[in-house]
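**Student:** here's a sequence, model it:
(chains A, B and C)
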Amino acid sequence: MTVGATVGILFTPTVWKALDDVSIWTQNWPWIPRLKYGENKAVATVSKMCESGCAVKVRTVAGEAFGTMGNTENPISGGGVCPLCANGVQVKNSPNRIKSPMLKGEAVTWDKAKEIVAEKLAAAGSKVAVISGDQTGTINEVFSALLASKGSDAFYAMPCDMQSACKAWNGLMGGSGQVGYDMKGADVVLLAGADALESWGPTVANMKAFADNEGGKFIFAGPFQTKTASVTSKWVPVPAEGMAAFTLGICYYVLQAGKSVPAADFDQFKAMVMSGYTPAKVEAATGVKADAMAEVAKQLLTAKSPVVVPGGSVGAHAAAFALNLLLGGGMKVLPEFAKAVGSAMSRAEMMKNDILQGVNADLLFVYEANPAYVLADQVKAGFTVAFDCVNTETTAAADLVLPIPHSYERVDDLASPYGLPQATYTMGAPVCKASLDVMNAGDFVLGLADLGFESFQEVIDAKVSAIGADADSLVEGNAFVLDETPDVSGVTLAASVLGKAASPVKGTGAVAVAPYTLLNVGTANQATTPNAPCTISNNQLVGDKLVVMMNGTTAKKLGVSVGSKVKLSGGSGECQALVQLFEGVMDGVVAAPLGMGHTTGDEFSKGKGDNVYKILTVSSEAATGASTWAGSTVNVAKI
Amino acid sequence: MQVKEFKIKWGMVIDIDKCTGCGACMIGCQVENNIAPMTKKDPYNYVQALTKDRDDPSNKLRTLTWMNIYELSNGQPYPNHETAYLPRPCMQCGSPACVPVCPVVATDKNEEGGIVSQIYPRCIGCRYCMAACPYHARYFNWWDPLWPEGMDKGLSTAVSPRPRGVVEKCNFCHSRYLDAKDKARQEGSDPMNLPDGAYVTACTDICPTKAIHFGDLNNPEHKVYELSRSKHAFRLLEKLGLHPQVYYMSEREWVRKQGDNYNAGGGAHH
Amino acid sequence: MEERKASKRCGGVFPFIIGFLATCILGWAVIPGLFFEKVEQPLRFSHAIHVDGQGMDCETCHYFREDGSYAGFPTNEVCAECHAVDPGEAMEAIAEAGIDPKDTAAIMAANLDVIEGALASSDDENKKAEREYVVKYLIQGKEVPWLNYQYQPDNVYFSHKAHEGLDIAELAAMKKDLSDVVDPAVFDEPGEHNCNLCHLKDIQKNDTPPAFQRNVLSGYSKMTMKMWKCERCHALKGQPNACYTCHK
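**Tutor:** Model prediction:
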């Protein structure tokens, strides 16, 4: 009977159906997520994860955000997105988000948080400070107005090229507005230390300008062949601390060719360069061959619209601005957008304080910045309130942590990211509802003091009407562009300061360190993102080990080779790293990636590599008095 | 194997002189194609104490990078050194090496447009195709895709999530092709004659320098038609005769030379 | 002797046939039913009331979006065009009545004016279903988790747009070849729409939706079309059967 039953069952569909169903069952394990379908949309907004911010469209399906794409209509994007912002939704949904206000590690209510901050604010008097990691948002107006209401001007930006540019242009040279660079229209672009196609300035807009610039020649000058240098027509090796001198060395040839500007101190500038920065002297001080400078100068002089884009110290910026004025090319001066909050600081005022010289306050607000990671020694406060959407070293060390919505969940804006050739304003409305117990930092601050607004949305509305833009068009993702040029007639060449500031000063360590930023590795304020680790090359990270690069000659001198474990010591700390040989690094220089070695955060950044900020040396630039990391050196020991 | 020709031939032309190797295409690709972040721990593994952690993303043999960026070097010492970056999707070969070796026909080149298909439920994970592909464009799911808590709510509907044990690869964001055809039908135009730009891949979309061009290599109205025929265009390992549908462009001779320089020693490394 | 005979008979043809028939009957008539469990739709949605009663077109809810994709199940946004209860107002009224907004049974029992006033149905039975929709889904901002009789797994890409032009009358010529693929009754009186080819026949006349039959092993629907069916029709129609025609 059993045999009959067995044969019988084979004549029915049962066995075959069961086999088929089981095979399907093995393809649908419960831990493999099922997709949710619905209408696909792309909603325009801004992303604030990279330094300058990206104009993006967030892709949603059935109302749930899943991806980020560029915004072709917006000049900041032109369709592209940077690798950080490309992973924005994944950061928004990350378990690393801060879920509720935290007082010394304990969850508290927003009412309680507000009570505490109000109390501390009343007690602190004018000893209140703000550190903002946002370079472009109107949120800075709210924070600076709060400071003003307390009689404080302690507004600090995280160290950035915009700050160096501001200090040089608005400070040393007496200019107004903001400097920008027309990289699309220029026929020769000298990137003097600006890693413009990887991390400097409005990266995506720069890359778009590079792509659209048919026939233009890009030249990169710097200590290390960055990703930018992989596509420029030429790489001129120049040490970071020698960038100002190198630029003045080019000025020498330009002045020799008879170029001049109607600046009050032109004669003084000319005399300073012609005597102090002759090609021979610059070559002796920086190691850059006079021929190389002559060649670059020749190209700039024969170009119709050349532009020099600086990176690094204040001196290097001032030198580049002077050179741009002499050349009369693609350097632009942008007007500043009208303020929304009357008592707020102007951008130049916000950039004035030097965070590297230290912050000391009774009450410190930190907004989307990570000073505890970058400047562990410089920042001291009686009570720290950190606004952020994800856990960082700064939120871990703060007394009170206030979770804010992610870029895609809040109203925010991008007012003229530094480097753009035109004053450009972009606004972002929330794409999705906040799923955590968060509050916009603007709303929180407006609840602390009467600044004339009830909510941050009102501030943004006021900003939009103050600058004369059309709100509907902004919501659709279009940029508002202001095509005006402020008066630059009173600008000087800062001759007296520049003569001293441009003289290269280098530390005493065995090799110079060339720190560099890659957006997929992370920035000072934003650690790497969930999908990015597999895009990070073994030239930056192997396992959990930081990788530093040097050329064969340097390695030989140091007695190390590929894969050697080394300890780099400099500044006030040390880093452990593996050595990789890369012939795109200058002799006597070691290139080290910034942005790794986090001690707080998710598994994608925590404990990965080492923090190169620890081994940088802060020095005060001669004459300008500005702090700089240029000229940092380290000692290298094999371990 | 004979070269399979179709009326439409979707192809890419990647301008290496524009690629900075920033990695945005790799991120855009992972998001579009539901590639999970590489987490170390598996919450469904109940014997974690006895097993090793899942692979680290810096182990480049174990990543799922359908689009991968290689760094090229001209091999010269400082200061004459030059670098270039080479994004590598699946080449969608005209005569693919991976297709004939598949014992279960999980991969095939049979659709109009010439995209080499990969059907995950059919794949048995033997990895013959990976061994056959000279471009290392195929990847094996050594682990189940696990999104950290809360992250699986935002997934793309473009591709089905794959379990452990199957091979996957770039498919030119193929469901975008199906979407584009639907859109054309909706608009009353011919789905078999899409205008330039109606269907592009996620990496093409996101690239900030627009180094990646995508279109029909057979259609003179598409930009790639002309670009693929430029004197600076080349394909990787052309001597193998696989007829890739991905072209590269560079004005730099050393870059073009490396395109056909498999195993010649030195040069390319990730 | 008797015993030996019995045992011999036991191994003979007769028991074999009994066993064979028993499992055949089980395997054809009983077991296939055990593969499926019946799951009711989350709501009693009546197509008849909407189509016949209200004179709505199919396209009001089931339409092609501008990008050519198909809006299969309508979202709350579409339903709210008629079922006009303002979620904000409703929630306020619920809070005023001192009811936990998550406690849907209590809300339904409370007969709140803001909800009751907006119900369009006349008889109690229909009112009950409508109220359930409004309370459980609409005002909670939650989409109804409808069960899809034609469920397909994530690795299938089905384009409604590509099949929009299929003509039942034309396909009737292939009736014989398609007999395993499509219910032959579909060809008897071809309707205005071709939906009957794959979807529940004459669903527009349905008052109480049938239970969804879920396969206990695979979780798919009993009506989930298998690949060979898709391929058969594609082959008959001269359409490509390449893997990427339908898979993703």
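
**Student:** only C-alpha atoms from now on, for both contacts and neighbour counts.
**Tutor:** Will do.

**Student:** for chain A, what's its nearest residue on the stretch 1-150 of chain B.
**Tutor:** Evaluated by C-alpha to the nearest C-alpha, the stretch 1-150 of chain B has residue B:24 as its residue closest to chain A, separated by 4.0 Å.

**Student:** list the contacts for that residue?
**Tutor:** A:81-84, A:86, A:520, B:203, B:206-208 (C-alpha atoms under 8 Å, 6 or more residues apart in numbering or on different chains).

**Student:** how much space between it and chain C?
**Tutor:** Distance from residue B:24 to chain C, counting by C-alpha to the nearest C-alpha, to the nearest Å: 23 Å.

**Student:** I'd like to know how far that residue sits from residue B:240.
**Tutor:** Applying C-alpha to C-alpha, to the nearest Å, the value for residue B:24 to residue B:240 is 30 Å.

**Student:** pLDDT value on the residue positioned nearest the centre of chain C, please?
**Tutor:** For chain C, the residue nearest the mean C-alpha position is residue C:149 (2.9 Å; C-alpha atoms, centre = their mean). Note on residue C:149: pLDDT of 95.

**Student:** I'd say it and residue C:215 touch.
**Tutor:** No: Residue C:149 lies out of contact with residue C:215 (C-alpha atoms under 8 Å); the separation is 11.5 Å.

**Student:** please enumerate the shared neighbours of the two.
**Tutor:** C:221-222.

**Student:** how far does stretch A:425-436 sit from the chain's center?
**Tutor:** Its chain's average C-alpha position is 21 Å from that of stretch A:425-436, according to C-alpha atoms, centre = their mean, to the nearest Å.

**Student:** in it, what's buried?
**Tutor:** A:425-432, A:434 (16 or more other C-alpha atoms under 10 Å in any protein chain shown).

**Student:** surely residue C:186 is in a strand?
**Tutor:** No: applying DSSP: H, G, I helix; E, B strand; the rest coil, one finds residue C:186 to be helix, outside a strand.

**Student:** what's it in contact with, if anything?
**Tutor:** Here residue C:186 is in contact with C:168, C:196-197, C:201 (C-alpha under 8 Å, 6+ apart).

**Student:** and residue C:56, by the same measure?
**Tutor:** So residue C:56 contacts residue C:50 (C-alpha under 8 Å, 6+ apart).

**Student:** ok so, going back, roughly how far apart are the residue nearest to the centre of chain C and residue A:26?
**Tutor:** Counting by C-alpha to C-alpha - residue C:149 and residue A:26 are separated by 22 Å.

**Student:** try residue A:557
**Tutor:** Taking C-alpha to C-alpha, one finds residue A:557 at 59 Å from residue A:26.

**Student:** touching the longest helix seen in chain C from outside, list them.
**Tutor:** The residue-count maximum for a helix in chain C (DSSP state H) belongs to helix C:13-25. Residues outside helix C:13-25 that contact it (C-alpha under 8 Å, 6+ apart): A:1-9, A:11-12, C:9.

**Student:** now these in JSON lines, with neighbour count and pLDDT?
**Tutor:** Output for those, formatted as JSON lines (neighbours: other C-alpha atoms under 10 Å in any protein chain shown; pLDDT from 0 to 100):
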{"residue": "A:1", "neighbour count": "18", "pLDDT": "78"}
{"residue": "A:2", "neighbour count": "14", "pLDDT": "83"}
{"residue": "A:3", "neighbour count": "14", "pLDDT": "83"}
{"residue": "A:4", "neighbour count": "21", "pLDDT": "83"}
{"residue": "A:5", "neighbour count": "20", "pLDDT": "83"}
{"residue": "A:6", "neighbour count": "15", "pLDDT": "85"}
{"residue": "A:7", "neighbour count": "18", "pLDDT": "84"}
{"residue": "A:8", "neighbour count": "22", "pLDDT": "82"}
{"residue": "A:9", "neighbour count": "23", "pLDDT": "82"}
{"residue": "A:11", "neighbour count": "17", "pLDDT": "85"}
{"residue": "A:12", "neighbour count": "19", "pLDDT": "83"}
{"residue": "C:9", "neighbour count": "12", "pLDDT": "53"}
